[in-house]
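Enquirer: fold the following for me, if possible:
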Amino acid sequence: VYDARGEEVIFYVGSRGHQSDIGGTTPASMPPNSTQVEEEGVLIDNFKLVDGRDGVLREAEFRALLAGGDWPARSPDTNLADIQAQIASNNKGIIELRKMVNYYGL
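Expert: Okay, the predicted model is just below:
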């Protein structure tokens, strides 16, 4: 979250969610017979999901990640909707933090 001038980061927001199916050898998550983590679904490591201060979702790149690997995601549209909900929750956090700063100050 940037300050009122848009110059300095004053807060960070985040959310944690569970994707119902991110690929893998079986639907859902954590197949009991997995012997390597790749069998549990698509691995995402340090991926920039939202680009720039305008908050542009990198949808094509995210879909490419979901389609990658030996066992790709079964329902990328559902995964995308879940991710968009997480982004919306972060945006709500930004709004509420700004209200608090306006009311209480820094």
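
Enquirer: ok, now how distant is the residue nearest the centre of the chain from G41?
Expert: Nearest residue to the geometric centre of the chain (Cα atoms, centre = their mean): I83, 4.9 Å. Distance of I83 to G41, computed by Cβ to Cβ, to the nearest Å: 14 Å. The C-beta positions use only the backbone N, C-alpha and C, and glycine is treated the same way.

Enquirer: can you give me the pLDDT of the residue nearest to the centre of the chain?
Expert: What the model reports for I83 is a pLDDT of 93.

Enquirer: for whichever strand or helix holds it, buried residues please.
Expert: Element membership for I83 (DSSP states H and E) is helix 76-104. With burial defined by 16 or more other Cβ atoms under 10 Å, the residues of helix 76-104 counted as buried are P76, N79, L80, D82, I83, N90, G93, R98.

Enquirer: columns distance to G52 on top of these, output as a markdown table?
Expert: Formatted as a markdown table, those follow (distance: Cβ to Cβ, whole Å):
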| residue | distance to G52 |
| --- | --- |
| P76 | 23 |
| N79 | 22 |
| L80 | 19 |
| D82 | 22 |
| I83 | 17 |
| N90 | 15 |
| G93 | 18 |
| R98 | 19 |
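
Enquirer: closest one of the residues you listed to H18?
Expert: Using Cβ to Cβ, D82 is the member of the buried residues of helix 76-104 that lies nearest H18, at 8.4 Å.

Enquirer: ok, the closest one - contacts?
Expert: Residues near D82 by Cβ atoms under 8 Å, 6 or more residues apart in numbering: G17, Q19, S20.

Enquirer: by pLDDT, give me the weakest of those residues.
Expert: S20 (80).

Enquirer: against Q36, how distant is D70?
Expert: Applying Cβ to Cβ, the value for D70 to Q36 is 10 Å.

Enquirer: give me the common contacts of these two.
Expert: By Cβ under 8 Å, 6+ apart, no residue touches both D70 and Q36.

Enquirer: neighbour count: the two, which is higher?
Expert: D70 (11 against 7; other Cβ atoms under 10 Å).

Enquirer: so E39: helix, strand or coil?
Expert: Recorded secondary structure, E39: helix (DSSP: H, G, I helix; E, B strand; the rest coil).
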